[in-house]
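Chemist: Requesting a structural model of the entry that follows:
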Amino acid sequence: MKDILNLVRTAIWLAFFGAIYQELKKPAQERTWHGKVAGIVPYDFRLPDLQRVKEAYWAPDRDVLFTEKVVGVGWSVNLPVAIRKLSEIASQYSRAIRSRTGD
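Modeler: Take a look at the predicted model:
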């Protein structure tokens with residue numbers, strides 16, 4: 001388990017430094033400080049605003065579980081979708097248990 005955590009930690013640091021490198025290799029006037037490392041991992045080093053925070057953590061109309069992080073590297077969790085999906089899983093589990101016990 002410790003090896004997996006070390007691997008994840010290393011991947012996060014590599015993505016962080018990759019994002020910084022990606023921005024610094026651009027001319028100063030072209031730096032946006034947000035984008036994707038290797039076209040996959042999102043990053044955003046701009047100051048957050050309320051709208052971006054809301055879009056990342058509270059977007060019940062979207063069906064996307066993972067959204068781009070407001071600040072930093074990686075993804076955030078869209079809380080209403082996470083709650084909805086956990087509720088669905090709990091309901092399915094409950095129905096499966098009832099069907100096995102005959103209730």
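Chemist: Off-centre distance for the helix or strand Ser87 falls within?
Modeler: Taking DSSP states H and E as the criterion, Ser87 maps to helix 79-101. Relative to the centre of its chain, helix 79-101 is centred 23 Å away, using CA atoms, centre = their mean, to the nearest Å.
Chemist: Least confident secondary structure element in the protein?
Modeler: helix 79-101 (a mean of 91; mean pLDDT, DSSP states H and E).
Chemist: residues near Pro42, how many?
Modeler: 19 (other CB atoms under 10 Å). Backbone N, C-alpha and C define where each C-beta goes, glycine included.
Chemist: ugh, typo on my part, it should be Asp44
Modeler: 20.
Chemist: list the contacts for the nearest residue to it once chain neighbours are set aside?
Modeler: Residue nearest to Asp44 in three dimensions, not counting chain neighbours: His34, with 4.1 Å by CB to CB, 6 or more residues apart in numbering. Contact analysis of His34 by CB atoms under 8 Å, 6 or more residues apart in numbering lists 42-46.
Chemist: Against Ala15, how distant is His34?
Modeler: Using CB to CB, to the nearest Å, His34 is found at 13 Å from Ala15.
Chemist: Not counting its neighbours along the chain, what's nearest the most centrally placed residue in the chain?
Modeler: The centre of the chain sits closest to Trp75, judged by CA atoms, centre = their mean, with a distance of 1.8 Å. Distances taken as CB to CB, 6+ apart put Phe66 closest to Trp75, at 4.1 Å, once the chain neighbours are dropped.
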